[in-house]
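> Below are the sequence and a predicted model; questions follow.
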Amino acid sequence: MRRFITMVACLAVFAQANATTKEEKDIVNTLNTKSEIKLPDWRDGHWRRNVPEHLISVNVNGAYTISDGYTTTNPFAVGATLAYQYKMRHWKVNSHFTTSFGGYSGVLYYRGASVERTAEGARHDISIDRYKSYTLVPFMLEANLHYDFNRTSIYLGVDAGANMMIGFKDFEQDGGVHIQKNFGEIKVSRFIPSAKAKVGFMQEIGPMLKLRFAAGIQYQMGYKDDFDGVYRNGGYYPEESVTDLEVKAQMDPFAEIGLVISL
């Protein structure tokens, strides 16, 4: 009986020793695993890979008109915008891709081109040396698809909204420039539905600062307007006044560059 009790006690001590040894091994393995984990570092471009971002950017814009009705009157535009984007977490299926949504507003100034020919023999006393200038104030929403690697983000985007037009613009058609009424008057004349397609990139230059560049094309819908006369062959002809003239849609390639703050 004593031998049996002694054997049971020895087996219990042996089992307890094995359990303690196994527990110690598990603790050591856990510590080793944790020591192998590499913490993210912004310098290797991965420090913000798995968190959403609030992006605020200030941009300088330039555009060039390629539509036939406007290349003579308002070929170039310059302006600035203030934009906000919410950049979401990266996709689980592919950690390089993500999306962002936001909007922006600003100003875009289309300066009227100078009229090189003087109005010799004009049939009206109006002196025209420059076509009308006008300003667009965009109210746009945007959506972007990003591909991120290291500290660079390449993206494709679409924008949609409306441009508030301040002032009036002249329009070229059939060999003459139709002159808008309201000479020298500045007011909000209309809202023009508009859309953009663009490609761009953002480059991190600091923990919270990025450099942004984008280029694409803008489309503005056509509309109907009244014109007071036609400037043709150096003369202004008021008797050619038209009502509800169909003004063509406008296509403008554009480029923009700016600084982005990441919050």
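Cool, got the structure. These numbers were taken from a predicted model, which means no experiment stands behind them.
> what is the mean pLDDT for stretch 205-215?
Stretch 205-215 shows a mean pLDDT of 94.
> Buried residues of that stretch, list them for me.
For stretch 205-215, a neighbour-count test (16 or more other Cβ atoms under 10 Å) marks 210, 212, 214 as buried. For every residue, glycine as well, the C-beta is placed using N, CA and C.
> mind putting the residues you listed in a markdown table, secondary structure and distance to residue 180 included?
Rendered in a markdown table, the data for these read as follows (DSSP: H, G, I helix; E, B strand; the rest coil; distance: Cβ to Cβ, whole Å):
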| residue | secondary structure | distance to residue 180 |
| --- | --- | --- |
| 210 | strand | 41 |
| 212 | strand | 36 |
| 214 | strand | 32 |
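> thought residue 100 was touching residue 55?
Yes: Residue 100 lies in contact with residue 55 (Cβ atoms under 8 Å); the separation is 7.2 Å.
> which residues are common contacts for those two?
Taking Cβ atoms under 8 Å, 6 or more residues apart in numbering as the contact rule, the neighbours common to residue 100 and residue 55 are 85-87.
> Of those, which is the most crowded?
residue 85 (25 neighbours; other Cβ atoms under 10 Å).
> Contact partners for that one?
Counting by Cβ under 8 Å, 6+ apart, residue 85 makes contact with 53-55, 57, 100-102, 142, 144.
> just residue 200 next, same as before
If a contact means Cβ under 8 Å, 6+ apart, then residue 200 has 154-155, 157, 212-216 as its contacts.
> Apart from its chain neighbours, what residue comes closest to it?
Nearest non-adjacent residue to residue 200, counting by Cβ to Cβ, 6 or more residues apart in numbering: residue 214, 3.0 Å away.
> and if you look at residue 164?
On the basis of Cβ to Cβ, 6+ apart, the spatially nearest residue to residue 164 that is not a chain neighbour turns out to be residue 137, at 4.3 Å.
> Let me see the contact set for that neighbour.
By Cβ under 8 Å, 6+ apart, the contact list for residue 137 reads 105-108, 163-164, 166.
> Point out where the stretch 151-263 of the chain drops to low pLDDT.
The stretch 151-263 of the chain contains residues with pLDDT under 70 at 183-184, 234.
> Run through the strands of it in chain order.
Taking DSSP state E, counting those that start in this stretch as the criterion, the stretch 151-263 of the chain contains strands spanning 152-167, 171-173, 176-180, 188-206, 209-220, 223-232, 235-237, 242-247, 250-262.
> and those as a markdown table, adding distance to residue 67?
Below are those laid out as a markdown table (distance: least, Cβ to Cβ, whole Å):
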| stretch | distance to residue 67 |
| --- | --- |
| strand 152-167 | 14 |
| strand 171-173 | 10 |
| strand 176-180 | 14 |
| strand 188-206 | 13 |
| strand 209-220 | 9 |
| strand 223-232 | 13 |
| strand 235-237 | 23 |
| strand 242-247 | 10 |
| strand 250-262 | 5 |
